[in-house]
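[1] using only what follows, build the 3D model:
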Amino acid sequence: MTLTQTRWNLSLIVLSVFLAFGLTTFHDQANAELYAGFMAGGAFPSDFSDVEGRGLLAGDTFGDFSLKNSGMVGGKLGYYFPNLKWLGVETEVFYARPSFKDQTVSGTGPGGPSSLTTVGSTLDVVTWAINGMVRYPGKRFQPYAGLGLGIFFAELGLATGSSSDNGVPGLNALIGGRYLITSHLAVFAEYKYNRASFTFDRSVLTTGGLGGLKGD
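    The predicted structure follows:
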């Protein structure tokens, strides 16, 4: 049985690790700093949690859905203030595909026990974030941390269709360190934590054992 036009509330936590190279202008006439960087690494998601049914599954709740580890790529642009070298702002964009594992998840609701099976599904997530940054402005090694607003764009896809939830606000936090190779080149390692809640207007998860529910 395939259910269509079903609504879901999904919470997603993504833990990301980056190793990247950045081109920087560490020293200009005003002693300010503008930098740009490319990121490549991995995303290690926790489960989709707090899943609630909508539409034909209204009132049903389900266990956590396991997600796959994924590669991640992106870029960033930032600026540290000339009179406050420890304080800066940064914007970044990155992409990951922490797709669903093939699994069957049990649920409960007014109609009795239910379950959902995900086979061959995908989840694509693009994050755009604006962060406030703090750092120790060392000559070679510079540890730093940031906290900001993430805007998330997600698409859930299965063989029978797809659904998107775009422009979702969420949390973007990071901690890392960079090492200056030259005055214009640095390498950095970074750990990110992302959290957002997604609602998909059209879910096409294959189901089985849905007590008292019918689907097209």
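[2] Leu84 in helix, strand or coil?
    coil (DSSP: H, G, I helix; E, B strand; the rest coil).
[3] and it, what's its pLDDT?
    Looking at Leu84, its pLDDT reads 92.
[4] what does Asn194 give?
    The predicted local confidence for Asn194 is 89.
[5] what does the one 5 residues further on give?
    At Thr199, the pLDDT value in this model is 76.
[6] buried residues in the strand or helix carrying it, which are they?
    Here Thr199, judged by DSSP states H and E, is contained in strand 185-200. Using 16 or more other Cβ atoms under 10 Å as the test for burial, strand 185-200 gives Ala186, Phe188, Glu190, Lys192, Asn194, Arg195, Ala196, Phe198, Phe200. Quick note: C-beta positions are derived from backbone N, CA and C, even for glycine.
[7] in the protein, what helix or strand scores lowest on average pLDDT?
    Within the chain, no helix or strand scores below strand 206-207, which has a mean of 42 by mean pLDDT, DSSP states H and E.
[8] avg pLDDT for the host helix or strand of Gly132?
    Following DSSP H and E, one finds Gly132 within strand 122-135. Across strand 122-135, pLDDT averages out at 94.
[9] equivalent analysis for stretch 173-181, please.
    The average pLDDT within stretch 173-181 is 90.
[10] contacts for it, please.
    For stretch 173-181, the external contacting residues (Cβ atoms under 8 Å, 6 or more residues apart in numbering) are 18, 22, 24, 26, 131, 139-148, 186-194.
[11] in that stretch, which residues are buried?
    Of all the residues in stretch 173-181, those buried under the rule 16+ other Cβ under 10 Å are Ala173, Leu174, Gly176, Gly177, Arg178, Leu180.
[12] just stretch 138-151 next, same as before
    Gln142, Tyr144, Ala145, Gly146, Gly148, Gly150, Ile151.
[13] am I right that the fourth one is in contact with Ile130?
    It refers to Gly146. No: under the criterion of Cβ atoms under 8 Å, Gly146 is not in contact with Ile130, lying 9.8 Å apart.
[14] which residues do these two both contact?
    With Cβ under 8 Å, 6+ apart, Gly146 and Ile130 have common neighbours Glu90.
[15] the strand ranked longest in the chain pairs with which strands?
    Determined from DSSP state E, the single longest strand within the chain is strand 161-182. Applying DSSP bridges, strand 161-182 is found paired with strand 141-158 (antiparallel), strand 185-200 (antiparallel).
[16] weakest of those by average pLDDT?
    Taking the mean pLDDT of the strands paired with strand 161-182, strand 185-200 comes last: a mean of 84.
[17] CA atoms of that strand as PDB?
    The C-alpha trace of strand 185-200 is given here as PDB (Å, rounded to 0.1, in the frame of the first residue of the first chain):
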ATOM      1  CA  LEU A 185      46.700  30.100   2.900                       C
ATOM      2  CA  ALA A 186      45.400  28.000   5.800                       C
ATOM      3  CA  VAL A 187      44.100  24.600   6.500                       C
ATOM      4  CA  PHE A 188      41.400  24.000   9.000                       C
ATOM      5  CA  ALA A 189      39.500  21.200  10.700                       C
ATOM      6  CA  GLU A 190      35.900  21.900  11.900                       C
ATOM      7  CA  TYR A 191      33.100  20.100  13.800                       C
ATOM      8  CA  LYS A 192      29.500  21.200  13.100                       C
ATOM      9  CA  TYR A 193      26.200  20.600  14.800                       C
ATOM     10  CA  ASN A 194      23.000  21.200  12.900                       C
ATOM     11  CA  ARG A 195      19.400  20.800  14.000                       C
ATOM     12  CA  ALA A 196      16.100  21.500  12.200                       C
ATOM     13  CA  SER A 197      12.500  20.300  12.000                       C
ATOM     14  CA  PHE A 198      11.100  19.400   8.600                       C
ATOM     15  CA  THR A 199       7.500  19.000   7.500                       C
ATOM     16  CA  PHE A 200       6.900  17.100   4.200                       C
END
